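Engineer: Fold the following for me, if possible:
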Amino acid sequence: MSIFNGKKAAQYIFFEMLPSFILGLLVFVSIILMFQVLRLTEFALVHGVAMKTIAEIIGYVIISMLPILFPMALLFSVLLTYGRLSQDSEIVAMKASGLPMGTLLLPALILATLVGVISAQMSFNIAPWGNRQFEVLYSRLANTKAAAIIKEGTFAEGFFDMVIYANEVNTDKGLLKKVFIYDEKNGDVPLTIIAKAGEIVPDPTRPGHEILLQLNQGEIHRQAKTHTKISFDTYDVRFSEPQNIEEKAKSPPSLTLEEVRNRLKEDIKDKEVRRTLQSEYHKRWAISVLCIVFAMIGVGLGTTTNRRAAKAGGMILCIGIIIFYWILYVAAEGAARSGALPAALAIWTPNVLFAALGVETLRRNWN
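Structural biologist: Below you'll find the predicted structure:
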């Protein structure tokens, strides 16, 4: 009979957590997007980016952040569910009926395992893909909105891998005055172009891939074995970004776990790059295991029989734990990348400390 009751109780708690987990995921996704509002608004209002592109940016940002959001949502779900059960004295009733604490802990561990597996798959493969797509899309938007990159009296980089200087810039109309362009894409023979005026004309059919820069009254300088100078009244420069922009070097967060592992097998002479890759490798695993750790902490704190403490738990307690964890995590990652601590030791230290906290809170409420 106790086994039957234990099974029913575990099912009851498990299905109580599912809606809370979905709610927590939506809440934390909303919080993440709130921090992106200013950037997205700038894209839409200042740069004139289409809403479809804005939606793509939001989608890629969410995908790249999901491995981190899953443990947060799980902690929220466990704290909220077990806190409510404790507040309504259901935990006390279950214990009084003979159910052991292990049975009450089991639903949280099962959900944490499922979420951890999903988080691992996201972290290993899907999130890097989302981050890579965001990088590519952001690069194309930067090329498309060249007038927003080029600032008056400032040497600007990032516009089709060139250096551009303009003494005056009209962002709205894309007009430039006293233009200087340094182009190294021709290999060992760079070009220097000087013009009194210019106008940026994006290609609407291939945004981010092609831009026409119409220059007026200028000169082209080419320095090889001899110096070549060409004067012009009107000169059209068509800047073209190859469609295989995806082949550009990936940042560490855009590498899949397998790619990170393969890179670490190579002879990397730059110690900083190696430490970054090592940190990235351990970070993927640590974030996935964090689901189990947060489940233990959530059950330990949520099964308190103090009603006032249960009422005060919930979202505030969840955010407090998350902030404390990420302070430790950021400090540990910084120590790993600077070489102050070995990457494995630094990245896993926050998990170990919080696992000890989870065991202690469970021990206090075990009986």
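
Engineer: Could you use CA atoms for every contact and neighbour count after this?
Structural biologist: Fine.

Engineer: by contact count, what packs against the longest helix belonging to the chain?
Structural biologist: Criterion DSSP state H: the longest helix present in the chain is helix 51-87. Helices and strands in packing contact with helix 51-87 are listed as helix 2-35, helix 90-96, helix 101-121, helix 127-144, helix 271-302, helix 307-312, helix 314-338; criterion 3 or more Cα pairs under 8 Å, 6 or more residues apart in numbering; DSSP states H and E.

Engineer: Could I get these in CSV, plus columns for distance to Leu191 and mean pLDDT?
Structural biologist: Rendered in CSV, the data for the helices and strands packed on helix 51-87 read as follows (distance: least, Cα to Cα, whole Å; pLDDT from 0 to 100):
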stretch, distance to Leu191, mean pLDDT
helix 2-35, 41, 84
helix 90-96, 75, 81
helix 101-121, 47, 92
helix 127-144, 20, 77
helix 271-302, 32, 91
helix 307-312, 66, 48
helix 314-338, 38, 88
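
Engineer: Can you say which of those helices is nearest to Thr256?
Structural biologist: helix 127-144 (5.8 Å; Cα to Cα).

Engineer: Tell me which of the helices and strands packed on helix 51-87 is the most buried.
Structural biologist: Using mean count of other Cα atoms under 10 Å, the stretch among the helices and strands packed on helix 51-87 with the greatest mean number of neighbours is helix 271-302 (a mean of 23).

Engineer: re the thing from before, report the angle between the longest helix of the chain and helix 314-338.
Structural biologist: Using axes from the mean of the first three to the mean of the last three Cα atoms, to 10 degrees, the direction of helix 51-87 lies 120 degrees away from that of helix 314-338.

Engineer: quick revisit: and Leu75, which of the helices and strands packed on helix 51-87 is closest to it?
Structural biologist: Short answer: helix 271-302, nearest of the helices and strands packed on helix 51-87 by Cα to Cα, at 5.4 Å.

Engineer: Next, the angle from that closest one to helix 314-338.
Structural biologist: Angle of helix 271-302 versus helix 314-338, following the same axes, to 10 degrees, is 160 degrees.

Engineer: re earlier: export the helices and strands packed on helix 51-87 to CSV and tack on distance to Val359?
Structural biologist: Formatted as CSV, the entries for the helices and strands packed on helix 51-87 read as follows, by distance: least, Cα to Cα, whole Å:
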stretch, distance to Val359
helix 2-35, 20
helix 90-96, 18
helix 101-121, 12
helix 127-144, 30
helix 271-302, 7
helix 307-312, 19
helix 314-338, 15
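
Engineer: Glu360: which of these is closest?
Structural biologist: If we rank the helices and strands packed on helix 51-87 by Cα to Cα, the stretch that ends up nearest is helix 271-302, at 7.9 Å.
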